[in-house]
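Novice: Below are the sequence and a predicted model for it; my questions follow.
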Amino acid sequence: MNYSNKLIILWVLFLSIVALPIAVSAQKIVDLRITPTVKAVAKALPSVVNIGTERIVSVAQSPWGGSDPFEQLFKNFYKEQKGRKETSLGSGSLISSKGLVVTNSHVVHRATRIIVTMSNGKQYFAKEIAGDSLNDIALLQLISIKPNSNFIPITCAKPDSLLLGEPVIAVGNPYGLGSSISRGVLSATKRKISFNGKVIFGDILQTDAAINPGNSGGPLININGDMIGINTAIYGEADGIGFAIPLKRIESILATWMIPEKFRDVSLGVIPGEKVLNDEVVYFIKEVLPSSPAWKAGVREGDVITGLNGNKINSLLDISNKIWDLKSDDSILFNIVKKGKVHLTVVNSPTMDGKEMALSRLGLGLEKLTVKLSKVLQYPFHGGLLVNNVKNRLNVKRGDILVRIENVPIYEFSDIRRALRNKHYSDKVKAVFITIIKKNERTLITKRNVLITVK
């Protein structure tokens, strides 16, 4: 055996005795670093987005001269003199492979442009398609995405699957620092939030995981990487006290939004719900819309759902995701206890424009407030819908201007259709009207909220 061969043999022996154990030991060290927290973050992070918004703040001049206390409130109706751009940052979670994002309402409130940034850096424009300022929840849809786009939705925990003291992780974009996490525990559940001495919510989650500006709208996840709530606020007078909206309320609200009737002139007729019975999650029909395909097929409120299209149901959001995008002539198969397989086909709704809706469903005759009509009436506003007829007994009169229904600003008749699309018979909606009062050569403006029962 020559000298070179001896060196090779010695080197092999060295690797087997020294180097290989070192490599194995290093791998074990890496494995120890991959904690449940690391795994949870890796699972959830691709579904968490950064939300940037822009809002144009206009400074308007009152047409009757001088400064007026109502000027800022009604500035959208005045002639704009100048404007400045304000930006804000928040977070959100992808809840659908087709590009739906849930966040806080206050994150996107009055935004003129919404930019969503994925964890991989890709950016998309988005639009708010539903919002609830009271519950502080908004639903966004990414726009101009490729038809074959397949986003990774966040996974959801089971409703009420909460353990006091369990590890939780806040994921989001505090101060615009993308993909940041903070770890803590679930400090409390069912915290009460009061306003003017009245309890508004009694289900708020509390955590000591650090929540900072920019975390709003991002998910609070458990150690399995499943969302249990949406980070929404902090207690300003203390450190380590943050609050989150619980998943159960989020899913319940989304279930009323993510139905075909809200986005298209079609009808399926099913609003799903969930409840926990004997520690088991039960999915059921919360509401059936009258004269809908579901009603005609014999589906009724309270019917228990055990499957969709032959597949097991994983969450209430799973049901919502399967039905919200259905279009005319699309079919879906429900497995319902005691009724078996029920096939439902989406049909077109009777066509009705916004003007007809306002008259038949709200009892309001409306006309467009044009520039010419504004001059005739000597109104300071150019745009909006003017009341010219009132059928029902409402605290509204001819000449009032309808400016909002619930969370939908009213500028065109198409806004009426959007505001009433998911409203049903006997529902009550809050409408906002402006009244113009001329007194002693002065023009006064009053704003009034009116509760209207939908017909």
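Specialist: Thanks, I have it.
Novice: what are the ranges of the helices in the stretch 51-200 of the chain?
Specialist: 105-108 (DSSP state H, counting those that start in this stretch).
Novice: Output the below-cut-off pLDDT ranges for it.
Specialist: For the stretch 51-200 of the chain, the stretches flagged by pLDDT under 70 are 55-88, 195-196.
Novice: what's the answer for the stretch 351-455 of the chain, then?
Specialist: Checking the stretch 351-455 of the chain against pLDDT under 70 turns up 351, 382, 424-426.
Novice: In contact with I211: list those residues for me.
Specialist: I211 makes contacts with 170, 174, 182, 231, 233-234, 242-243, as judged by C-beta atoms under 8 Å, 6 or more residues apart in numbering. Every residue, glycine included, has its C-beta placed from N, CA and C.
Novice: Assign it to helix, strand or coil.
Specialist: coil (DSSP: H, G, I helix; E, B strand; the rest coil).
Novice: Just the pLDDT for it.
Specialist: Model confidence at I211, given as pLDDT, is 87.
Novice: Repeat that for K312.
Specialist: pLDDT at K312 comes out at 93.
Novice: And it, how far from I305?
Specialist: 11 Å (C-beta to C-beta, to the nearest Å).
Novice: Counting neighbours, go ahead and name the busier of those two.
Specialist: Ranked by neighbour count (other C-beta atoms under 10 Å), K312 and I305 place I305 first, with 21 against 9.
Novice: That one should be in a helix, yeah?
Specialist: No: counting by three-state DSSP, I305 falls outside a helix, being strand.
Novice: wait, what's in contact with it?
Specialist: Per C-beta under 8 Å, 6+ apart, neighbours of I305: 272, 283-285, 313, 319, 334-337.
Novice: So which of these is the closest to P147?
Specialist: I319 (23.8 Å; C-beta to C-beta).
Novice: What's the local residue count around that closest one?
Specialist: There are 24 residues near I319, going by other C-beta under 10 Å.
Novice: One more: the one 4 residues further on?
Specialist: Here the neighbour count serves as a burial measure; for I323 (other C-beta under 10 Å) it reads 21.
Novice: i'd like the first residue to be 875 from this point on
Specialist: Okay, using 875 as the starting number, the last item reads as I1197.
Novice: was I right about it contacting G1143?
Specialist: No: with contacts counted by C-beta atoms under 8 Å, I1197 stays clear of G1143, the gap being 10.3 Å.
Novice: All the strands of the stretch 1175-1324 of the chain, residue numbers only.
Specialist: 1178-1182, 1205-1210, 1214-1219, 1221-1222, 1238-1242, 1259-1264, 1275-1279, 1282-1283, 1302-1313, 1316-1327 (DSSP state E, counting those that start in this stretch).
Novice: Determine which stretch of the ones you listed is the most buried.
Specialist: strand 1275-1279 (a mean of 22; mean count of other C-beta atoms under 10 Å).
Novice: Tell me which residues are up against it.
Specialist: 951, 1232, 1238, 1240, 1243, 1253, 1255, 1258-1261, 1283-1284, 1289-1290, 1293-1294, 1303-1310.
Novice: Name the strands paired with it and say parallel or antiparallel.
Specialist: strand 1259-1264 (antiparallel), strand 1282-1283 (antiparallel), strand 1302-1313 (antiparallel) (DSSP bridges).
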